[in-house]
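**Student:** What would the 3D arrangement of this be:
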Amino acid sequence: MQEMFVRHTPMIKSLYLFSMLSLVIAILVVGSTMCWAARAPEKDSGVLLATVQAELQRAKSSLANTNPAPYYIGYQVFDQRSLLVSGTYGTIVTSQPSSRRWADVTMRVGTPALDNTHNENRPSGITSGMLPLFDDRDAIARTLWELTNREYRRAAPAYAKVATNTAVRAVEEDLSPDFSKETPHTYIEKSEAPIEFNQKEWEDKVRKYSAEFRKYPEVYSSTVTVQLEQETSYFVSSDGTKVQTPGVTVRLVVEASTRADDGMELLRVETFDSAKPEGLPSEQELAVKEDKMAADLKALREAPLAEPYDGPALLSGRAAAVFFHEVLGHRLEGHRQRGETEGQTFTKKVNQPILPEFLSVYDDPTLSKMGDVALAGTYAYDDEGVPSQRVTLIQHGILKNFLMSRMPITNFATSNGHGRRQPGLMATGRQGNLIVESTNTVKESEIRGKFIEEIKKAGKPYGLYFEDVEGGFTLTTRELPQAFQVLPVIVWRVYADGRPDQLVRGVDIVGTPLASLNRILLTGDITRVFNGVCGAESGSVPVSASAPAMLFSEMEVQKRAASDERPPILPPPGTNTLTSGAAGSGAKSEAR
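**Tutor:** Predicted coordinates for the structure are as follows:
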């Protein structure tokens, strides 16, 4: 699997790897190496927020007379309790209750017009560390004091460097300030009663869930992971904002893989997100999903390799959602519109058409559900203390707005509540719940017929139907091609002459955004949701993308990188063959 995050370098590579088990494990493993420890559930006493606010006021007063003085200080504390249980083939491999309090101190020295975070110096704006787990006022204050002093010693010399570089370098194209002025907000949402994570109960469930794959010798590896987390975020800043937001997230990740005879690794992942433990699927529902995953893998092992192709294509709603997240969403993040290294694909196209006029796109973190599906990118306030907002990005094909943090750009001077980050990194404009709407729709039962018409019109023997994807990535910097890559897992050849659809493997969708986005002909009438995790400069954040199925007049695919590794020589224990045991046949295409 690919990396779940992007190294913080000037060459920004944005990844959208939905539903990857390694993210869940990586976050918690990193947490464990930073002194995670289990603690008994503790009611919110108010001590933590009061202490953080008092220490902020003390720091603000104490540093006011320094030279250079900070004009902005922010403290954010994440108070987290979690349980991670992971199992394989009916046994437990990881069972880890964890607790931590993580503090981020952000500081801006200079003025909003030019400060220490300018351009490549953004990391100088934050220092992070662990806080005491219990409500000891003196210990908490002492730790924040130490982090604040450490941060000032980073920020002050960084500002001197910025001032020098600005004087000797060429004038930048975008002369917007480094920080926007926002209205202070006070929002206190009391934490719910601490949830008792019943470790034994979840271990028993994971044993049952993971045992399902024992009957499939074609599945060479499989893992079932449950992560439950209860978190309260406390944010206070020197400009008067005070925000307390609690939340519970529950994620179930089922991953299974096999390997074809030619060495190609084949992966199927299913994820389920909920705001409460009882929102996960039942044991019976999950067993059906796991059986389908095993059947898919068996069919993929036997499927022929796809060839490079350029022609009509149909994307399911989930595949189209990932496509839009990668191809469009990242290029509409505000910070990508300034800076000398960014490709700025759409920076100067405001109020110009960039999509067919029947398509509109907005991002709305205030939505908690799409139909009966919970959305992963929901939040009340962003990580800079700004209320989340619905942002109309594209209206009837016309570009209207960008996803803004408190980093202004030309003609967009304020945040629209999309400053997001993972703990320890500076916030940037990021996607939340990206939603694509269409006025040129046909019933999903009719879209296959339209697809076949387009295949015949193009003079192709077949078109490609992309039923499901595992993720993708996109490149947005000038040093590299302005390209994207989406990673499908279930792809069908749909023949124009009526032959049965043929499952193929080993193909990736590739292209450039300006060309690809204008080849959409029509869409289905049902919106599908893809929940997952997105990694970029400000770290990994939960997101969702929603879209209907889409018919493209033309799409380019390439062969996936090959592997010289072969399947196991010996059969799995308890079986006599590598190819028996999987029930059913290949998955049916939704396009049929």
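
**Student:** Poorly predicted segments of the stretch 351-500 of the chain, please.
**Tutor:** Scanning the stretch 351-500 of the chain for pLDDT under 70 picks out 475, 478-482.

**Student:** confidence score at Thr575?
**Tutor:** We have a pLDDT of 59 for Thr575.

**Student:** Show me what Tyr309 bridges to in the sheet.
**Tutor:** Beta-bridge pairing for Tyr309 (DSSP bridges): Val557.

**Student:** Helix or strand: which one has Ser62?
**Tutor:** helix 47-63 (DSSP states H and E).

**Student:** other SSEs contacting that helix?
**Tutor:** strand 70-88, helix 137-168, strand 221-237, strand 242-259 (3 or more CB pairs under 8 Å, 6 or more residues apart in numbering; DSSP states H and E). In short, each C-beta sits where N, CA and C put it, glycine included.

**Student:** Mind checking what helix or strand follows the first one in sequence?
**Tutor:** Going back to what we said before, that points to strand 70-88. From strand 70-88, the next helix or strand downstream (DSSP H and E) is strand 91-111.

**Student:** tell me the angle of that next one relative to helix 137-168?
**Tutor:** 60 degrees (axes from the mean of the first three to the mean of the last three CA atoms, to 10 degrees).

**Student:** Alpha carbons of strand 91-111, in CSV - could you do that?
**Tutor:** Provided in CSV are the C-alpha atoms of strand 91-111 (Å, rounded to 0.1, in the frame of the first residue of the first chain):
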residue,chain,number,x,y,z
THR,A,91,-7.7,-14.2,16.6
ILE,A,92,-6.5,-10.9,18.0
VAL,A,93,-3.2,-9.4,16.9
THR,A,94,-3.6,-5.9,18.6
SER,A,95,-5.8,-4.8,21.5
GLN,A,96,-4.8,-1.4,22.7
PRO,A,97,-6.7,1.1,24.9
SER,A,98,-5.0,4.5,24.8
SER,A,99,-5.3,7.9,26.2
ARG,A,100,-3.4,11.1,25.5
ARG,A,101,-3.6,14.9,25.7
TRP,A,102,-1.8,16.6,22.9
ALA,A,103,-1.2,20.3,22.9
ASP,A,104,-0.3,22.5,19.9
VAL,A,105,1.0,26.0,20.4
THR,A,106,0.8,28.3,17.3
MET,A,107,2.5,31.6,17.2
ARG,A,108,2.8,34.4,14.6
VAL,A,109,5.5,37.0,15.0
GLY,A,110,5.5,40.2,12.9
THR,A,111,2.3,41.4,11.4
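
**Student:** low pLDDT regions in the stretch 1-150 of the chain?
**Tutor:** Along the stretch 1-150 of the chain, segments meeting pLDDT under 70 span 1-45.

**Student:** give me every residue that touches Gln502.
**Tutor:** Ala303, Pro304, Tyr462, Trp492, Arg493, Tyr495 (CB atoms under 8 Å, 6 or more residues apart in numbering).

**Student:** In helices only, show me those.
**Tutor:** Applying DSSP state H to the contacts of Gln502, no entry is found in helices.

**Student:** Quick check: of those, which lies closest to Glu189?
**Tutor:** Trp492 (46.2 Å; CB to CB).

**Student:** That closest one - how many residues pack around it?
**Tutor:** Neighbours of Trp492 under the rule other CB atoms under 10 Å: 25.

**Student:** gap between it and Glu302?
**Tutor:** Using CB to CB, to the nearest Å, Trp492 is found at 14 Å from Glu302.

**Student:** buried ones in stretch 232-250?
**Tutor:** 232-238, 241-250 (16 or more other CB atoms under 10 Å).

**Student:** That one - what's its average pLDDT?
**Tutor:** In this model, stretch 232-250 has a mean pLDDT of 96.

**Student:** so how far is Ile455 from Tyr495?
**Tutor:** Separation of Tyr495 from Ile455 (CB to CB): 8 Å.

**Student:** residues in contact with the closest residue to Arg137 other than its chain neighbours?
**Tutor:** Using CB to CB, 6 or more residues apart in numbering and skipping the chain neighbours, the partner closest in space to Arg137 is Thr51 (5.0 Å). Listed by CB under 8 Å, 6+ apart, the contact set of Thr51 reads Asp135, Arg137, Ile140, Ala141, Leu144.

**Student:** Make a PyMOL selection of whichever of those turn out to be buried.
**Tutor:** Only the buried entries of the contacts of Thr51 go into this PyMOL selection, using 16+ other CB under 10 Å:
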select buried, resi 135+140+144
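
**Student:** hang on, the earlier thing: between the helices and strands packed on helix 47-63, which gets nearest to Asp104?
**Tutor:** That would be strand 70-88 among those, by CB to CB, at 4.7 Å.

**Student:** Could you check the angle the closest one makes with helix 137-168?
**Tutor:** Using the same axes, to 10 degrees: strand 70-88 against helix 137-168 is 110 degrees.

**Student:** List the strands paired with strand 70-88, with their directions.
**Tutor:** Strand 70-88 pairs in its sheet with strand 91-111 (antiparallel), strand 221-237 (antiparallel), by DSSP bridges.

**Student:** what are the C-alpha coordinates of that strand, in CSV please?
**Tutor:** C-alpha atoms of strand 70-88 as CSV (Å, rounded to 0.1, in the frame of the first residue of the first chain):
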residue,chain,number,x,y,z
PRO,A,70,3.9,37.8,18.6
TYR,A,71,0.7,39.3,17.3
TYR,A,72,-1.2,36.0,17.6
ILE,A,73,-1.0,33.0,19.9
GLY,A,74,-3.2,30.0,19.8
TYR,A,75,-3.5,26.9,22.0
GLN,A,76,-5.3,23.8,20.9
VAL,A,77,-5.6,20.7,23.1
PHE,A,78,-6.9,17.3,21.9
ASP,A,79,-8.1,15.2,24.8
GLN,A,80,-8.5,11.7,23.4
ARG,A,81,-9.4,8.2,24.6
SER,A,82,-9.4,5.3,22.2
LEU,A,83,-9.5,1.6,21.7
LEU,A,84,-7.9,-0.2,18.8
VAL,A,85,-8.6,-3.9,18.3
SER,A,86,-7.3,-5.7,15.2
GLY,A,87,-7.6,-9.4,14.3
THR,A,88,-7.0,-11.9,11.6
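
**Student:** Isn't Pro567 up against Ala260?
**Tutor:** Yes - judged on CB atoms under 8 Å, Pro567 makes contact with Ala260 at a distance of 7.4 Å.

**Student:** circling back: tell me the one of the contacts of Gln502 nearest His330?
**Tutor:** For these, the nearest to His330 is Trp492 (27.7 Å; CB to CB).

**Student:** Identify the bridge partners of that closest one.
**Tutor:** Going by DSSP bridges, Trp492 forms beta bridges with Tyr465, Leu503.

**Student:** wait, doesn't it sit right on Gly463?
**Tutor:** No - under the criterion of CB under 8 Å, Trp492 makes no contact with Gly463, lying 9.2 Å away.

**Student:** quick revisit: deepest-packed of the strands paired with strand 70-88, please.
**Tutor:** With neighbours taken as mean count of other CB atoms under 10 Å, those reach their highest mean count in strand 221-237, at a mean of 22.

**Student:** Which stretches in the stretch 401-550 of the chain count as strands?
**Tutor:** 419-420, 428-429, 433-438, 462-475, 484-495, 502-504, 507-511, 520-536, 539-559 (DSSP state E, counting those that start in this stretch).

**Student:** list the buried ones in the fourth one?
**Tutor:** Read it as strand 462-475. Within strand 462-475, the residues that qualify as buried are 462-475, counting by 16+ other CB under 10 Å.

**Student:** Now tell me what touches stretch 344-359 from outside.
**Tutor:** For stretch 344-359, using CB under 8 Å, 6+ apart, the contacting residues are 328, 331-332, 336-338, 361, 394, 396-401, 409, 411, 436-440, 476, 482, 513-514, 517-518, 520, 522-523.

**Student:** hang on, the earlier thing: closest one of the contacts of Thr51 to Met264?
**Tutor:** Taking CB to CB as the measure, Met264 lies nearest Leu144 of the contacts of Thr51, at 51.3 Å.

**Student:** Skipping adjacent residues, who's closest to the closest one in space?
**Tutor:** Closest residue to Leu144 apart from its sequence neighbours, by CB to CB, 6+ apart: Glu55 at 4.5 Å.

**Student:** same question, Ala545
**Tutor:** Nearest to Ala545 is Ala321, by CB to CB, 6+ apart, at 3.7 Å.
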